[in-house]
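K.L.:
sequence first, then the predicted structure, then my questions.
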Amino acid sequence: MAINFKTALCIFIFFFCYSSNKVLAQSDSSKTIQDTINQNQFFIYPFVFYLPETRWGFGAVGLYTFRFKDERHDSNPSQIQFTANYTQNKQVNFIIPFELYRYHNRWKVKGEIGYFIYLYNFYGIGNTTLKEDRETYKADYPRFRIDCLRRLGDFFVGARYRFDNVKIFDFKQGGILDSNPIEGKQGGRVGGFGIVAQYDSRDFIFNPTKGCFIEGEIFIGNKFSGSEYNFQRYAIDAATFIPLGSEQTLGIHLNTATMLGSPFFNDLLYFGSPKIMRGYQDRRFTDRNLYVLQTEYRYPIYRRLQGVAFTAIGNVGDTYPNLFTANPKFTYGAGLRVILNKRDRVRLRIDYGRTVSEGGAFYATINEAF
């Protein structure tokens, strides 16, 4: 959730933090070492917020971190999140992302189930759009996403599927979206299959201190996959983490992609989000091609409180070479981390990002941007 402080008041009220620890396997009254380590942990955070486009809203964010009963204590923890909120403007978001590890990390199943009635920003397409041209539109859709990956050494290889069934409504009559020949302004089914390869040498999947993660994707949407749009996406997502000593880490993240064919406009590549180019408003720049390079310095403050400082540079473009001929965009900012699960390094993340000329944005969520 991104908020422009010049136009919106946002109040996040974390009413409580509930943590339950439950041993998964106990054959008798005495705990083994693995029993102690393999504990379930559950956290829930209600919140209240206000935005001009949503008015008052309320909801909850939850996080369940666990290991399956038969998993070894050094396996990656599985995680299920949920976010649910409702606003005075009858907007609804219900999202369940999950990341599950089985058989000592040999299999990874990652995905998301959700339902959205959501308000999106639209500034037009390209890297020269103007902040003052912002429009909004609503989208109503269910979502299903899943990756099924098999580990081969430090690599994961597998398949990906995505499906949204989107209805677009309440856009500005005579505005940019209404007046231009933009693919999919009435919505439709968007689905596709992908081939995914990942290299993962991180020491922790949440808040790593060393190692790297690289993902390559080839994704195709067509009639066979349930899509009304024919398109292809080629993407690379890579991050490396460099320990600097005394619980300090430098993270470097590159995200780049290109889309071909006739993609749905709501599925175009974009930045301005809690994960890439923090500081720009949601979907501030969007197009068929994108690159973003981010750095983040993470350091301890006191006990369960940590700090970060981050910068980012990026661009979008109608062709891939044009990404590097147009003037790039910059953001910078800082944030706090509250350690929720010390063993598996799960964090509550609070960030404030700034742009050079368009103000800033505030983010409160769980887990790192990368």
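P.N.:
Cool, the structure landed.

K.L.:
tell me the pLDDT of residue 47.
P.N.:
Looking at residue 47, its pLDDT reads 76.

K.L.:
buried residues in stretch 79-93?
P.N.:
79, 81-87, 91, 93 (16 or more other Cβ atoms under 10 Å). Placement of C-beta: from N, CA and C, glycine included.

K.L.:
what's the closest of those to residue 248?
P.N.:
Distance to residue 248 across the buried residues of stretch 79-93 (Cβ to Cβ) is lowest for residue 79, with 24.9 Å.

K.L.:
run a quick neighbour tally on residue 202.
P.N.:
Counted with other Cβ atoms under 10 Å, the neighbours of residue 202 add up to 18.

K.L.:
related to what we said a few turns ago, could I get the buried residues of stretch 79-93 as a markdown table with pLDDT and distance to residue 198?
P.N.:
As requested, these are exported to a markdown table (pLDDT from 0 to 100; distance: Cβ to Cβ, whole Å):
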| residue | pLDDT | distance to residue 198 |
| --- | --- | --- |
| 79 | 93 | 17 |
| 81 | 91 | 20 |
| 82 | 90 | 25 |
| 83 | 89 | 25 |
| 84 | 94 | 29 |
| 85 | 91 | 31 |
| 86 | 92 | 35 |
| 87 | 86 | 36 |
| 91 | 86 | 34 |
| 93 | 90 | 28 |
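
K.L.:
now, which of these lie within strands?
P.N.:
Counting by DSSP state E, the part of the buried residues of stretch 79-93 found in strands is 79, 81-87, 93.

K.L.:
three-state assignment of the nearest residue to residue 118 once chain neighbours are set aside?
P.N.:
Nearest residue to residue 118 in three dimensions, chain neighbours excluded: residue 139, at 5.6 Å (Cβ to Cβ, 6 or more residues apart in numbering). Secondary structure state of residue 139, per DSSP: H, G, I helix; E, B strand; the rest coil, is strand.

K.L.:
who does residue 139 bridge with?
P.N.:
Counting by DSSP bridges, residue 139 forms beta bridges with residue 118, residue 168.

K.L.:
correct me, but it touches residue 114?
P.N.:
No - applying Cβ atoms under 8 Å, one finds residue 139 not in contact with residue 114, separated by 12.0 Å.

K.L.:
residue boundaries of the helices in the stretch 1-150 of the chain?
P.N.:
33-37 (DSSP state H, counting those that start in this stretch).

K.L.:
give me the low-pLDDT residue ranges for it?
P.N.:
1-39, 50-54 (pLDDT under 70).

K.L.:
the strands in it, which residues?
P.N.:
Along the stretch 1-150 of the chain, the segments classed as strands by DSSP state E, counting those that start in this stretch run 20-23, 39-51, 55-66, 78-87, 92-102, 107-122, 135-152.

K.L.:
residue 339: which of those is closest?
P.N.:
strand 39-51 (11.2 Å).

K.L.:
now the angle from that closest one to strand 107-122?
P.N.:
Interaxial angle of strand 39-51 relative to strand 107-122 (axes from the mean of the first three to the mean of the last three Cα atoms, to 10 degrees): 10 degrees.

K.L.:
counting by contacts, list what strand 39-51 packs against.
P.N.:
strand 20-23, strand 55-66, strand 329-341 (3 or more Cβ pairs under 8 Å, 6 or more residues apart in numbering; DSSP states H and E).

K.L.:
would CSV of the ones you listed with mean neighbour count and distance to residue 250 be doable?
P.N.:
Shown next, in CSV, are those (neighbours: other Cβ atoms under 10 Å; distance: least, Cβ to Cβ, whole Å):
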stretch, mean neighbour count, distance to residue 250
strand 20-23, 11, 32
strand 55-66, 17, 25
strand 329-341, 19, 15
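
K.L.:
adding distance to residue 231 as columns, could you present those in JSON lines?
P.N.:
Output for these, formatted as JSON lines (distance: least, Cβ to Cβ, whole Å):
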{"stretch": "strand 20-23", "distance to residue 231": "44"}
{"stretch": "strand 55-66", "distance to residue 231": "32"}
{"stretch": "strand 329-341", "distance to residue 231": "24"}
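
K.L.:
any idea how far residue 314 is from residue 282?
P.N.:
Computed as Cβ to Cβ, to the nearest Å, the residue 282 to residue 314 distance reads 15 Å.

K.L.:
no, scratch that, I was asking about residue 326
P.N.:
Distance, residue 326 to residue 314, using Cβ to Cβ: 11 Å.

K.L.:
okay, those two: which has more neighbours?
P.N.:
Neighbour count, other Cβ under 10 Å: between residue 326 and residue 314, residue 314 has more, with 24 against 14.

K.L.:
ok, and the closest non-adjacent residue to that one?
P.N.:
Spatial nearest neighbour of residue 314, excluding adjacent residues (Cβ to Cβ, 6+ apart): residue 292 at 3.5 Å.

K.L.:
quick one: buried residues of the helix or strand where the one you found lies?
P.N.:
Residue 292 belongs to strand 289-302 when assigned by DSSP states H and E. For strand 289-302, burial by neighbour count (16+ other Cβ under 10 Å) applies to 289-292, 294, 296, 298.

K.L.:
packing partners of the helix or strand following it?
P.N.:
Next helix or strand after strand 289-302 toward the C-terminus (DSSP H and E): strand 305-317. With contacts taken as 3+ Cβ pairs under 8 Å, 6+ apart, strand 305-317 sits against strand 269-271, strand 285-287, strand 289-302, strand 329-341, strand 346-355.

K.L.:
between the longest one and strand 305-317, how many degrees?
P.N.:
Our comparison of strand 289-302 with strand 305-317, counting by the same axes, to 10 degrees, yields an angle of 170 degrees.

K.L.:
give the rounded mean pLDDT of strand 289-302.
P.N.:
For strand 289-302, mean pLDDT rounds to 97.

K.L.:
many thanks, we can stop here.
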